[in-house]
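1. Need coordinates for the below:
(one chain, ligands or ions: 1)
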Amino acid sequence: SKKLEINREQRALMKAIVDAYNRHQIPEDVAKKLLQDQYSPEENFLLLTEMATSQVQVLVEFTKNIPGFLSLDREDQIALLKGSAVEAMFLRSAQVFSRKMPTEHTDVLEERVRKSGIPDEFMTPMFNFYKSIGELHMVQEEQAILTAITILTPDRPYVKDPQAVERLQETMLDVLRKLCVLQHPQEQQYFARLLGRLTELRTLSHYHSEMLASWRMNDHKFTPLLCEIWDVQ
Ligand SMILES: O=C1N(Cc2ccc(-c3nnn[nH]3)cc2)c2ccc(Br)cc2C12CCN(S(=O)(=O)c1cccs1)CC2
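-> Below you'll find the model as predicted:
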């Protein structure tokens with residue numbers, strides 16, 4: 001029916017977002033480092049910090065390619081990036097972890113994340129999230145658009161024109177809703193399940209800021225970019 005069909009404009013939007021999502025990847029050498037032999041928890045933490053820094057750079061490039069993002073108010077662009085950086089990083093990490101990597105790689109990485117000084121009470125929800133993302137078996141279009149929707153959340157702190165952000169997000173939500181029906185015809189509530197993951201992401205983001213506080217205590221070092229985007233002094 002007309003209602004459900006993805007029109008030409010929406011197809012172009014989807015293509016732009018998927019291309020941007022696939023174009024910007026973590027450099028091989030950084031991801032490969034994670035797979036090398038055993039490290040101490042401190043070295044693991046350093047590697048994850050290096051990964052996270054690279055992820056933020058990838059996120060900024062992806063965001064700049066979201067159609068309409070660069071026509072938003074400049075300060076709102078920054079507010080959206082800062083407000084969504086942790087959620088987008090965890091979403092992308094979970095997607096990469098559950099989609100792309102061969103099992104033995106995931107096992108090594110899982111081990112490394114578990115031995116990196118992240119407190120257990122945060123490790124559990126983090127891995128539950130990544131398993132729940134894996135179970136969804138999202139196609140890459142859904143992954144890319146869901147990441148764009150996370151970034152274009154109107155109610156981030158300091159956004160001056162939330163309506164402009166809402167208009168962009170609604171366009172994405174409409175495409176994602178149609179895509180879910182087309183890609184997962186058997187699962188009525190698939191779209192609702194995807195959006196439910198965004199709620200889980202906010203909880204993870206809250207845990208993350210608590211983790212940051214505890215890491216600051218036993219003086220873990222972060223890179224200037226992470227300090228900037230995570231508001232770490
Ligand atoms: O590092 C993670 N990983 C491993 C990871 C992530 C991405 C790629 C990758 N490869 N190619 N593209 N992406 C590989 C391994 C992972 C996996 C699932 C979830 Br849910 C979450 C994570 C974190 C995200 C960052 N945090 S963090 O708390 O912000 C922190 C920063 C500094 C030190 S700890 C730790 C957990």
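2. Only alpha carbons, please: show stretch 132-152 as PDB.
-> Output of stretch 132-152 as PDB, limited to C-alpha atoms (Å, rounded to 0.1, in the frame of the first residue of the first chain):
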ATOM      1  CA  SER A 132      19.800  -7.900  23.100                       C
ATOM      2  CA  ILE A 133      21.100  -6.000  20.100                       C
ATOM      3  CA  GLY A 134      22.500  -9.200  18.700                       C
ATOM      4  CA  GLU A 135      19.200 -11.000  19.100                       C
ATOM      5  CA  LEU A 136      17.400  -8.400  16.900                       C
ATOM      6  CA  HIS A 137      19.500  -9.300  13.800                       C
ATOM      7  CA  MET A 138      19.100  -5.800  12.500                       C
ATOM      8  CA  VAL A 139      20.000  -5.300   8.800                       C
ATOM      9  CA  GLN A 140      22.600  -2.600   8.300                       C
ATOM     10  CA  GLU A 141      20.000  -0.100   7.100                       C
ATOM     11  CA  GLU A 142      18.200  -0.500  10.400                       C
ATOM     12  CA  GLN A 143      21.500  -0.100  12.400                       C
ATOM     13  CA  ALA A 144      22.500   3.000  10.500                       C
ATOM     14  CA  ILE A 145      19.100   4.700  10.800                       C
ATOM     15  CA  LEU A 146      18.700   3.700  14.500                       C
ATOM     16  CA  THR A 147      22.100   5.300  15.200                       C
ATOM     17  CA  ALA A 148      21.000   8.500  13.300                       C
ATOM     18  CA  ILE A 149      17.700   8.500  15.400                       C
ATOM     19  CA  THR A 150      19.800   8.300  18.600                       C
ATOM     20  CA  ILE A 151      21.900  11.300  17.500                       C
ATOM     21  CA  LEU A 152      18.800  13.300  16.500                       C
END
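3. How far does it sit from its chain's centre?
-> Between the centre of stretch 132-152 and the centre of its chain there are 8 Å (CA atoms, centre = their mean, to the nearest Å).
4. got it, and stretch 68-80?
-> Between the mean C-alpha point of stretch 68-80 and the mean C-alpha point of its chain there is a distance of 18 Å (CA atoms, centre = their mean).
5. helices or strands up against the helix or strand bottoming out on mean pLDDT in the chain?
-> Of all the helices and strands that make up the chain, the one with the lowest confidence by mean pLDDT, DSSP states H and E is helix 28-33; it has a mean of 78. Packing contacts for helix 28-33, counted by 3 or more CB pairs under 8 Å, 6 or more residues apart in numbering; DSSP states H and E, involve helix 41-64. Where C-beta positions appear, they are placed from N, C-alpha and C, glycine not excepted.
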